[in-house]
Structure formats: C-alpha cells, structure tokens
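Engineer: give me a model of this one.
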Amino acid sequence: MKRAVSLLLILTFVFSVTSIASAKDQSTKDLTFEERAANMYSPLLKKSILNVTHDNKLTTTTYQSIYIPVKDIFKSTAAIITWDGKKKITTIKNQGQELILNFSGNTVLAEQSQVVLPQEWVQLKNGVSTINAFVLTYIFEHYADESDQERVEWEERLEFLDIKQTTGIAGVDRNMHVFVEFND
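Structural biologist: Numbering: from 1, shown residues only. Modelled structure (predicted):
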C-alpha cells in the first residue's frame, strides 16, 4: 500500500511540474517581444546602468530610467547618429546600413539597407533618443538560447551595429545592469 501511495504522489508531482512548465511556456509565447525581454531580467526594474566596452575601454553611465540614450551606446564606435527634427527620426548609420528610430507616430517603411525598430521599444525623452534597456540587452544577450526565433531574427538584422554581445543583470541594487561589448 505504501508503494502505491508513494507512486501516486510521485506521478502527481511529475504531472504538476509538467503542467506548470507547459503553462509557463504557453504564457511566454503570448507575451510581446518587449514583455519577454523584460521578463528575461526583471520587469520591476525602473533604472539602468550602461557599461559599454569598445577598444578595451569601459564606460559606465547610470540612468534614472530603463530607457538608455542611443548616443551613449554608440558614441565610442564608428556609427554615425543623426536626428531629423522635421520627421522626428533618429538614424544610426554603420557599415552602409541604417537603424531607424521613429518617434513621429507615423509608419516608416524601411528601404533595403534600413531596419526600423518598433516604436514601442524607443522613446524620445527630453529631446534625447532612447531605447529600452531590456530590449537592447535581450536582442544581443550572450546567454540567451535560440528558442525565441523573433530574438534571433532581430539579432541577425542588427548585425551591422557591430555589437559583439550583451549581458543583462537584474541587480540587487534595483538597477538593470546592461553590458554592451562591441567588436574591436
């Protein structure tokens, strides 16, 4: 009798764990890219610390927001950042391609050498073009697996930015620590 009860308890436990894992996988699939990125780290974080490594130099900057200025990410690289105030568009040019950050509220169609980020991922804050730290980190995350096909596709599309890898750490200091390493 004890064996039967033990076996029943083990089977119940296995079934429960399997059901929870399946429910978690299903709920993750229903999330937007931005939500999946935030959940990878901790959606409760509201501040960020950017650590950029390029040419063996480290620059660290702290922000009171989860949005990071793109100029601070790319200032040590060969990328050229321009602002079109009329169209409300920031362009990051590198290796003959362009990343478009659209703040106009209108749809921007990408040309062949352009990639337009979703408007939900970027913000214009006090005249500064910013990108969501969770999204940036998640796209190039060194420790991410290949199961999120959308993440993999974004990483491939944005190869021209010359970002080697990122690492994100949800700090006990309640900051999102973003480490961006560029190719040398």
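
Engineer: CA only for contacts and neighbour counts going forward, please
Structural biologist: Will do.

Engineer: tell me where the protein has helices.
Structural biologist: All helices of the chain, identified by DSSP state H, fall at 2-29, 33-41, 70-74, 133-140, 149-157.

Engineer: which stretch in these has the least confidence?
Structural biologist: Lowest mean pLDDT of those: helix 2-29, a mean of 43.

Engineer: number of nearby residues for residue 71?
Structural biologist: Applying the criterion other C-alpha atoms under 10 Å, we find 17 residues in the vicinity of residue 71.

Engineer: gap between it and residue 79?
Structural biologist: Here the criterion is C-alpha to C-alpha, to the nearest Å. By it, residue 71 lies 10 Å from residue 79.

Engineer: what is the residue nearest to residue 41 when sequence neighbours are not counted paired to in the beta sheet?
Structural biologist: Nearest-residue entry for residue 41: residue 170, 5.6 Å, with adjacent residues in sequence omitted and distances by C-alpha to C-alpha, 6 or more residues apart in numbering. Each beta-bridge partner of residue 170 is listed here: residue 176, as defined by DSSP bridges.

Engineer: report the contact partners of residue 170.
Structural biologist: Residues in contact with residue 170 (C-alpha atoms under 8 Å, 6 or more residues apart in numbering) are 41-42, 45, 176-177.

Engineer: what does stretch 151-160 rub up against?
Structural biologist: 33, 94-95, 97, 99, 115, 138-140, 146.

Engineer: are any of these buried, and which?
Structural biologist: Buried positions within the contacts of stretch 151-160, assessed by neighbour count (16 or more other C-alpha atoms under 10 Å), are 33, 94, 97, 99, 115, 138-140.

Engineer: give me the pLDDT value at the residue nearest to residue 41.
Structural biologist: Residue 170 is given a pLDDT of 96.

Engineer: next one: the residue nearest the centre of the chain from residue 161, what distance?
Structural biologist: Centroid-nearest residue in the chain: residue 135, 1.9 Å away (criterion: C-alpha atoms, centre = their mean). As defined by C-alpha to C-alpha, residue 135 lies at a distance of 15 Å from residue 161.
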